[in-house]
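Output the structure for:
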Amino acid sequence: MSGVSAELEERNFDVLIAYLRGLLYWLGLAVSTVLMVVVLLLAAPLPFLTRQHISKAWPYFNLWWLRVTCGLRHDVSGRENIPPGAAIYVCKHQSAWETIAMETMVPRMVWVLKRELMWVPIFGWGLATLKPIAINRAKGRKAVEQLIEQGRARLRDGINVVIFPEGTRVAPGERGEYRPGAALLAAKTRAPVVPMAHNAGYYWPRRGFLKRPGIIKVVIGEPIDTTGMSASQINRRIEDWIETTVAAIGGRPD
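Model prediction:
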């Protein structure tokens, strides 16, 4: 009995430490977000690429803080596949981690996101300075038209467009519906599509407070040449590559 009791005490202690580490991380995230928003608002008169370069301090700090507090790191393969020109980046969406880390991997980028995020106090103010394509998904066809119009303009200016094709976070091992927005934009502009896959959801659950220590694996795929392809063909290629690669990456080692 004493052995079982000691084991339970040790387990409870480990859980307590994990919660404290998670709390420390969230405090750092909150403080850094407020500071970065202030900086971005002050930098609003500057050119977009300058503001975007400044904003990179936020994800770099938070990824470092995540490593320090929670022991969670990441490893990226396929950086050589990032094309020199503007492209459409499509990524698996499992957690909040990739919304932080993406800016450290994709240069000169803007998000395609739901309009409601722009209404979040403080966070939304800073986000607005970074020229996101904020769509109202309830508008259906009009939202797609907005995505194509603004996405075309961003690509023409040499800015990469980042989209989560499933639209929302999907738990590891599950597959959401791949919406056609990214594929339609690619079919209209003939921009290359760069697929990305990872297993962050095993370490940072989408509805979980605790962060599990380890190494998140990220794979950047070769650009998909969209020349001569229909939107449905492009969407199928995106889904096949992402889901196959996510399965190959696997989960969190025991």
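
contacting residues for Val37?
By Cβ atoms under 8 Å, 6 or more residues apart in numbering, Val37 lies in contact with Ile122, Phe123, Trp125, Gly126. All C-beta atoms are positioned from the backbone trio N, CA, C, and that covers glycine.

wait, doesn't the last one sit right on Thr33?
Yes - shown here, Gly126 and Thr33 form a contact pair, counting by Cβ atoms under 8 Å, at 7.4 Å.

Which of these two has more residues huddled nearby?
When neighbours are counted by other Cβ atoms under 10 Å, Gly126 and Thr33 differ, and Gly126 comes out ahead with 22 against 15.

wait, what's in contact with that one?
Contacts of Gly126 (Cβ under 8 Å, 6+ apart): Thr33, Met36, Val37, Leu40, Leu41, Ser55.

Lys217: which of these is nearest?
Ser55 (25.1 Å; Cβ to Cβ).

and that closest one, how far is that from Leu63?
14 Å (Cβ to Cβ, to the nearest Å).

circling back: which of the contacts of Val37 fall in helices?
Residues of the contacts of Val37 located in helices (DSSP state H): Phe123, Trp125, Gly126.

Quick check: which element contains His74?
Taking DSSP states H and E as the criterion, His74 maps to strand 72-77.

Just name whatever secondary elements the helix or strand following that strand is in contact with.
Per DSSP H and E, the first helix or strand lying C-terminal to strand 72-77 is strand 88-91. If contacts are counted by 3 or more Cβ pairs under 8 Å, 6 or more residues apart in numbering; DSSP states H and E, strand 88-91 sits against helix 97-105, strand 160-163, helix 181-189, strand 193-198, helix 231-249.

go again using 7 Å as the cut-off
strand 160-163, helix 181-189, strand 193-198 (3 or more Cβ pairs under 7 Å, 6 or more residues apart in numbering; DSSP states H and E).

got the angle between the helix or strand bottoming out on mean pLDDT in the chain and helix 97-105?
When the helices and strands of the chain are scored by mean pLDDT, DSSP states H and E, helix 2-42 comes last with a mean of 81. Angle of helix 2-42 versus helix 97-105, following axes from the mean of the first three to the mean of the last three Cα atoms, to 10 degrees, is 50 degrees.

oh, and call the first residue 565 from now on, that's how I've got it
All set: I'll call the first residue 565, so the last point we hit is now helix 566-606.

quick one: helix 566-606 to strand 636-641, angle?
Using the same axes, to 10 degrees: helix 566-606 against strand 636-641 is 70 degrees.

hmm, back to that, for the helices and strands packed on strand 652-655, give me CSV that also has distance to Leu591, mean pLDDT and mean neighbour count.
Formatted as CSV, those follow (distance: least, Cβ to Cβ, whole Å; pLDDT from 0 to 100; neighbours: other Cβ atoms under 10 Å):
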stretch, distance to Leu591, mean pLDDT, mean neighbour count
strand 724-727, 27, 98, 25
helix 745-753, 35, 96, 24
strand 757-762, 25, 98, 25
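
nearest to Val708, of these?
Closest among the helices and strands packed on strand 652-655, using Cβ to Cβ: helix 745-753, at 6.1 Å.

For that closest one, what is the distance to the chain centroid?
Distance of helix 745-753 from the chain centroid (Cα atoms, centre = their mean, to the nearest Å) equals 19 Å.
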